[in-house]
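J.: only geometry, no sequence info:
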């Protein structure tokens, strides 16, 4: 494993050789701060959109040719619509529509200190009912591919996991973390807010065994399943702070999680905020 050439705003693909699994690790800092700050949504809405942006980039990175991946959740809850878009160039953008009466009147930008950010109102599930639609658009000369799944408990990550189980039938582990950070300026009592987000996705590779005979094939399938369960167990130990900590490189995090396996990383895809 080698050190990444960039420290933030990228997707790092990897493969766990001994467990027959592949995955992506995403880190977002300045890019997600730019996207969320330009809207100045209530904090709960910004966190939800941040989660959508991470999922969109992780899923969209699978596109092999020029195109875009669109992630759209609609509901009857306080947040009516969340849309995030990823282009194979690394461009990322997002938008949310919500009922302003359901949230505190103060915006994120009006919070000048840590005290201002305390006691944020709990509005309950932001997404209630509704669907998650994932669209692959690879240009005017190709057909769009769409996957639709019901939102489970208003949770975007759970709905994405359900999509892989029902539509793709690919065993998948997904973890996403989004948080705001407050940094006190040097020689000052004031500070600045910024956003950070991270995500980890691990998927079981489809297996095409070469063993002959029913018993041999069955034993091999059992080994593959055991290897996948081991990879998923290691992945599940990841903590939110590890996904968000800028001082912990992606490579070091992967080693921390899968040091008992052989992990191979591939070139990262830089991400940047983009708006038409």
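T.: Structure received. Just so it is clear, the structure is predicted and the values come from calculations on it, not from any experiment.
J.: what are the ranges of the strands in the chain?
T.: In the chain, the strands defined using DSSP state E lie at 10-16, 21-28, 68-74, 79-87, 91-98, 131-137, 145-150, 172-184, 191-204, 263-265, 269-270, 272-273.
J.: Deepest-packed of these, please.
T.: strand 21-28 (a mean of 25; mean count of other CB atoms under 10 Å). Where C-beta positions appear, they are placed from N, C-alpha and C, glycine not excepted.
J.: Next, the angle strand 91-98 makes with that one.
T.: 70 degrees (axes from the mean of the first three to the mean of the last three CA atoms, to 10 degrees).
J.: quick one: average confidence on strand 21-28?
T.: Regarding strand 21-28, the rounded mean pLDDT is 96.
J.: low pLDDT regions in the chain?
T.: Within the chain, the stretches with pLDDT under 70 are 1-6, 104-124, 206-220.
J.: 80 instead, please
T.: Counting by pLDDT under 80, the ranges of the chain that qualify are 1-7, 104-124, 139-142, 152, 168, 183-191, 205-223, 275-276.
J.: could you dump the strands of the chain to JSON lines with distance to residue 238?
T.: Below are the strands of the chain laid out as JSON lines (distance: least, CB to CB, whole Å):
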{"stretch": "strand 10-16", "distance to residue 238": "13"}
{"stretch": "strand 21-28", "distance to residue 238": "9"}
{"stretch": "strand 68-74", "distance to residue 238": "22"}
{"stretch": "strand 79-87", "distance to residue 238": "22"}
{"stretch": "strand 91-98", "distance to residue 238": "22"}
{"stretch": "strand 131-137", "distance to residue 238": "23"}
{"stretch": "strand 145-150", "distance to residue 238": "24"}
{"stretch": "strand 172-184", "distance to residue 238": "6"}
{"stretch": "strand 191-204", "distance to residue 238": "6"}
{"stretch": "strand 263-265", "distance to residue 238": "14"}
{"stretch": "strand 269-270", "distance to residue 238": "20"}
{"stretch": "strand 272-273", "distance to residue 238": "25"}
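J.: residues of stretch 34-54 that come out buried?
T.: By 16 or more other CB atoms under 10 Å, the buried positions in stretch 34-54 come out as 34-37, 41-54.
J.: What are the contacting residues of it?
T.: Contact partners of stretch 34-54, identified using CB atoms under 8 Å, 6 or more residues apart in numbering, comprise 26, 28, 32, 71, 73, 79, 82-84, 92-96, 98, 103-104, 107-109, 117, 120, 123, 126-127, 156-157, 176, 178-180, 195, 197-199, 273, 275.
J.: now the end-to-end length of it.
T.: Using CA to CA, to the nearest Å, one end of stretch 34-54 lies 14 Å from the other.
J.: Just give me how far that stretch sits from the chain centre.
T.: Remark: stretch 34-54 is offset 13 Å from the chain centroid, using CA atoms, centre = their mean, to the nearest Å.
J.: Find the nearest non-adjacent residue to residue 203, please.
T.: Leaving aside its sequence neighbours, residue 203 sits nearest to residue 172 (CB to CB, 6 or more residues apart in numbering; 4.9 Å).
J.: Contacts only, for the one you found.
T.: For residue 172, the contacting residues are 161, 164, 165, 201, 202, 203, 204, by CB under 8 Å, 6+ apart.
J.: Just list the residues touching the closest residue to the first one other than its chain neighbours, thanks.
T.: By the measure of CB to CB, 6+ apart, the closest residue to residue 161 outside its immediate chain neighbours is residue 174, 5.5 Å from it. Shown in contact with residue 174 (CB under 8 Å, 6+ apart): 55, 58, 157, 160, 161, 199, 200, 201.
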